[in-house]
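[1] Need a 3D model of the following:
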Amino acid sequence: IGILSCYIFSRFLWDIPSDIDASFYLVAMIVFITPTANNVMVMVELSGSGSKEGIARVIAWQYAAAPVLLSLSMTAVVGVASQW
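    Numbering: from 1, shown residues only. Next up is the predicted model:
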């Protein structure tokens, strides 16, 4: 979703100077691929829901998979950003 969003923005909405466009798109795509555990935990705390244990398990699995998945997605994002 992040790579597609940045592609659509680059073609139709954003007019970024060519000397910084690769760095700009790299940073924009990194925002989309980082783990969401902190955001999810804040939402659970604010909702007052009783499902904190289930969310904690999901966050633990996300942290366990993050090194591999984040490395792969960063490789893809850097490759895409270097093409722009």
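[2] what's the longest helix anywhere in the chain packed up against?
    In the chain, assigned by DSSP state H, the helix with the most residues is helix 52-83. Under the contact criterion of 3 or more Cβ pairs under 8 Å, 6 or more residues apart in numbering; DSSP states H and E, helix 52-83 touches helix 2-8, helix 21-33, helix 37-47. From N, CA and C alone the C-beta is placed, and that goes for glycine too.
[3] Show me what counts as buried in the shortest one.
    By that I understand helix 2-8. 2-3, 6 (16 or more other Cβ atoms under 10 Å).
[4] The helix or strand of the chain with the lowest mean pLDDT versus helix 52-83: what angle between them?
    One helix or strand of the chain scores below all others by mean pLDDT, DSSP states H and E: helix 37-47, with a mean of 71. Counting by axes from the mean of the first three to the mean of the last three Cα atoms, to 10 degrees, helix 37-47 points 140 degrees away from the direction of helix 52-83.
[5] ok, Thr34 to Ser73 distance?
    Thr34 is 9 Å from Ser73, where distance means Cβ to Cβ, to the nearest Å.
[6] on that earlier part again, for the helices and strands packed on helix 52-83, which one sits closest to Arg57?
    Of all those, the one in closest proximity to Arg57, counting by Cβ to Cβ, is helix 37-47 (11.5 Å).
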